[in-house]
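Novice: okay, predicted coordinates and the sequence, questions at the end:
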Amino acid sequence: MPTITYQGNEYPGFDGETVLDTFLRHGVKAEFSCRNGVCQVCMLRTANATIPADAQTGLRKSLVERDYFLACKYAPEADLEVNQPRAADLFNRAVVYKKELLTPDICRLLLDSATELYYHAGQFINIRRDDGLLRSYSLASVPYLDVHLELHIKRIPDGKMSNWIFDELKEGDELEFQGSNGTSYYCSGNSGQNILMVGTGTGLAPLIGIIRDALYSNHTGEIHLYHGSRYRHEVYLQDTLFKLSEKFANFHYTQCVSSEKVPTGGVTRRACQTALVEHPDLKGWRVYLCGTPGMVHSMRENVQALGVDANDIHIDPFEFSKKDIRDVDNEVSDIATTNSAQHDQHRSQSNSNFESGRKPIATLKPDVEMWAALKNGELLTRILDDFYTQVYADPLLKPYFEDVTKDWVAQKQYSFLRQLFTGEKVYLGNNPRNAHHWMVISDELFEYRENIMLECLRGHGLDEHFVARWRAMEESYRKDIVKRKPWNKIIDGKEIATEGYKELTLEMATVCDHCLKSIEAGEVVRYHVRLASVYCPSCMGKTAANTEPALPS
C-alpha cells in the first residue's frame, strides 16, 4: 500500500485509491469540486513519481513538465510525496515597459513578459499585486504583430487595483500575471464571414486586438465596429481606428456617444442601439460583445433573435460584483444597470425567498406562453429526458451528477421550471446558487451545457422565439453558477459552511463509505460535510495529527 507524504504528515493509502480519496479518508483539508478531472481544482505537484497521462489531462504543457497532476485521477502504486502548486509555476513575471494615458481615466500598459506567452488577441490575463489582490484585464495586443502585452485599464473610483496602477505602478516595476485565459478571440476558419463588434469603454481593448488579428490574417468578410460610452472623452483611439478603416476597405468604425454630440463620423446614440438599427438581419454573421454586462447580455439575446447562431457569439462582460475578479467600466449600458450593492442585496433576498419555498427569482415573471408551448409540461418532460440522457453520457458534464440518478435530477428540474413558468409553488429544492455551490463551472462549460439544452429544445420542435426566451432565462442564472472555486451556501442571508469534516457518535448502525464494513451504533466516525461520506475508525487514520479539527456542530 502506498504512503502519501504531504505537508510533513504521512497518509497510508489503499491500492487503487486516488490521492484525493486518501486525503478525504484521513480528513485532510483538500480543495476539490467535480472529482473527475474536469474542474482542475484539486491540482497538486510531485517530484518523485512518473505520473500517468490521464492524471494530467487538460493541464497546460508547462505544468505537465513540472509534474503537476490531478489528485482525483491519480492512484499511486508506490510511495508519493506531494505539494501544493507553486505560485511561480502558475504566475509569470513581467516588467512595465510603458505606461501612458489614453484619456484622463484610461491607462495603457505595455508589459515585457519574462517568458514567452502563447495567447490570442482578445483573451485576458490576471494581474496579481504583491498583497495577492487579483484582477483580470483583456489583451489588446496581437502576438505576431506586437512585442509587448498591451492592456487598457480604466480608473474606478473605489478600484483598489486600478487606483494602484494609476497612482503607484511605474515604468520599470515588476508585477505578476497568470494566463492567458478566455475564448473570445478571432478564428480564421471562415475568412469570408461578416463580423459585428460592439464594445463599451475599455471593452475596446479585446476588440481592437481581434480586429487587427482578423485584418492581418486576410479576413475578407465585412467587419463593423461600434464603440461607445456616455461622454465624448471616454471614447478613445479614434485616430487609430479611422486609419485602419482607411487601410482596409472591409473594416468600418462608428464611434457612439449617448449623452453628447459627436464629431462627423459618429452618432449620438448607444453603440448597441446603433448596431441593431444598421444591421436588422444578422443571419450567418459572427458577433463579438465586450463591455458592461447589461449591454453584453441584452445584445446577446438581440443578435440571436436577428439570426446569429449561438456558437458565433463571443462575449467578454466586465462584471460589476465586488466579489468578481474584474474592475468594471462605470458606464451606462443598453439596459439600466443595477448598483452592485443593491444587486448583492437583491440576490441574498431572492436566495432566502427561494429557501422558504416562495417565488425563486423576483425579477423573472411567470411565462404562461412558454408553458403553453411546452404543452403544459408534456413536452418539457420529453425535453428533459432527452437532455439528461445526453448529459449523463457526456464526459465533461457527467462528473457533476455522479451521486444522483438521472430521473431524480430531471424531476427536480421539471418542478423548478414549472414553478418558474407558471408561478405555482411546486419546487422545494435549493435555488440555483445553492444547488451549484460546490461546482466549479467556467463560462465555457456553462455555454457547452447550454448549447446541448438549446439543441434539445429545437429537436423537439420548440419555436425559435421560445428557444431565445429559454436561453435568456438560463443566462439570468449565469452569475449564480459560474465560478472559479466552490462557495458556501447562503440560507436566510447567512453563509453555511459545506466543506471540511465533523465527528459524531452514531446513534444507529451504518456502513463505512470506503471499506463498506459495518459501523455499530455508539462508535465515533468522521464524515465530510458536503459529501456526507462516513469513515469508520480504521479508515479515519491512526493518529490525531492526520485529522482535520472537528467542526462545531
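Specialist: Yes, it's here. For clarity, every value in this text was computed on a predicted model and none was experimentally measured.
Novice: which SSE is Arg382 in?
Specialist: Assigned by DSSP states H and E, Arg382 belongs to helix 378-391.
Novice: residues of the following helix or strand past that helix that come out buried?
Specialist: Using DSSP H and E, the helix or strand that follows helix 378-391 towards the C-terminus is helix 406-422. Within helix 406-422, the residues that count as buried by 16 or more other CB atoms under 10 Å are 406, 409-410, 412-414, 416-422. All C-beta spots, glycine's among them, are computed from the backbone N, C-alpha and C.
Novice: next, the buried residues of whatever helix or strand comes next after helix 406-422.
Specialist: Downstream of helix 406-422, the first helix or strand assigned by DSSP H and E is helix 432-435. Within helix 432-435, the residues scored as buried using 16+ other CB under 10 Å are 432-435.
Novice: and helix 432-435, how far out from the chain's middle?
Specialist: Helix 432-435 has its C-alpha centroid displaced from the chain centroid by 15 Å (CA atoms, centre = their mean, to the nearest Å).
Novice: list the helices and strands it packs on?
Specialist: For helix 432-435, the packing partners by 3 or more CB pairs under 8 Å, 6 or more residues apart in numbering; DSSP states H and E come out as helix 340-355, helix 478-481, strand 489-491.
Novice: now do the end-to-end distance for stretch 33-41.
Specialist: 6 Å (CA to CA, to the nearest Å).
Novice: let me see the contact set for Ala55.
Specialist: For Ala55, the contacting residues are 37, 69-70, 73-74, by CB atoms under 8 Å, 6 or more residues apart in numbering.
Novice: no, scratch that, I was asking about Ser33
Specialist: Contact analysis of Ser33 by CB under 8 Å, 6+ apart lists 39, 41-42, 438-440, 486.
Novice: returning to what we had before: got the angle for the helix holding Arg382 vs helix 406-422?
Specialist: Compare the direction of helix 378-391 with that of helix 406-422 by axes from the mean of the first three to the mean of the last three CA atoms, to 10 degrees and you get 140 degrees.
Novice: please enumerate residues in contact with helix 378-391?
Specialist: 373-374, 397-398, 401, 406, 409-410, 413-414, 417-418, 449, 452-453, 456-457, 459-462.
Novice: longest strand of the protein?
Specialist: Assignment by DSSP state E gives strand 92-103 as the longest strand of the chain.
Novice: if we can go back for a sec, ok, the contacts of Ser33 vs His227, which is closest?
Specialist: For these, the residue nearest His227 by CB to CB is Val440; the value is 33.5 Å.
Novice: just the pLDDT for that closest one.
Specialist: Per-residue pLDDT puts Val440 at 80.
Novice: same question, Cys536
Specialist: So Cys536 comes in at 82 (pLDDT).
Novice: in which helix or strand would I find Phe446?
Specialist: Per DSSP H and E: Phe446 is located in helix 443-459.
Novice: with pLDDT and distance to Thr220 as new columns, can the buried residues of helix 406-422 be given to me in JSON lines?
Specialist: What follows is the buried residues of helix 406-422, written out as JSON lines (pLDDT from 0 to 100; distance: CB to CB, whole Å):
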{"residue": "Lys406", "pLDDT": "85", "distance to Thr220": "47"}
{"residue": "Val409", "pLDDT": "85", "distance to Thr220": "46"}
{"residue": "Ala410", "pLDDT": "89", "distance to Thr220": "46"}
{"residue": "Lys412", "pLDDT": "85", "distance to Thr220": "49"}
{"residue": "Gln413", "pLDDT": "90", "distance to Thr220": "44"}
{"residue": "Tyr414", "pLDDT": "92", "distance to Thr220": "48"}
{"residue": "Phe416", "pLDDT": "90", "distance to Thr220": "46"}
{"residue": "Leu417", "pLDDT": "93", "distance to Thr220": "44"}
{"residue": "Arg418", "pLDDT": "92", "distance to Thr220": "49"}
{"residue": "Gln419", "pLDDT": "90", "distance to Thr220": "50"}
{"residue": "Leu420", "pLDDT": "90", "distance to Thr220": "44"}
{"residue": "Phe421", "pLDDT": "92", "distance to Thr220": "44"}
{"residue": "Thr422", "pLDDT": "91", "distance to Thr220": "49"}
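Novice: OK, contacts around Glu234?
Specialist: Counting by CB under 8 Å, 6+ apart, Glu234 touches 103, 105-106, 201, 331.
Novice: just flag the most distant two among the contacts of Ser33.
Specialist: Applying CB to CB across those, the maximum distance is between Cys42 and Met439, 13.5 Å.
Novice: so between those two, which is more surrounded?
Specialist: Ranked by neighbour count (other CB atoms under 10 Å), Cys42 and Met439 place Cys42 first, with 23 against 18.
Novice: my guess is that one contacts Ala71. True?
Specialist: Yes - if you go by CB atoms under 8 Å, Cys42 and Ala71 touch, sitting 4.1 Å apart.
Novice: any shared contact partners between those two?
Specialist: Contacts common to Cys42 and Ala71, judged by CB under 8 Å, 6+ apart, are 20, 30, 32.
Novice: where do the strands sit along the stretch 151-300 of the chain?
Specialist: With DSSP state E, counting those that start in this stretch as the criterion, the stretch 151-300 of the chain has strands at 174-181, 195-200, 223-229, 251-257, 266-267, 286-291.
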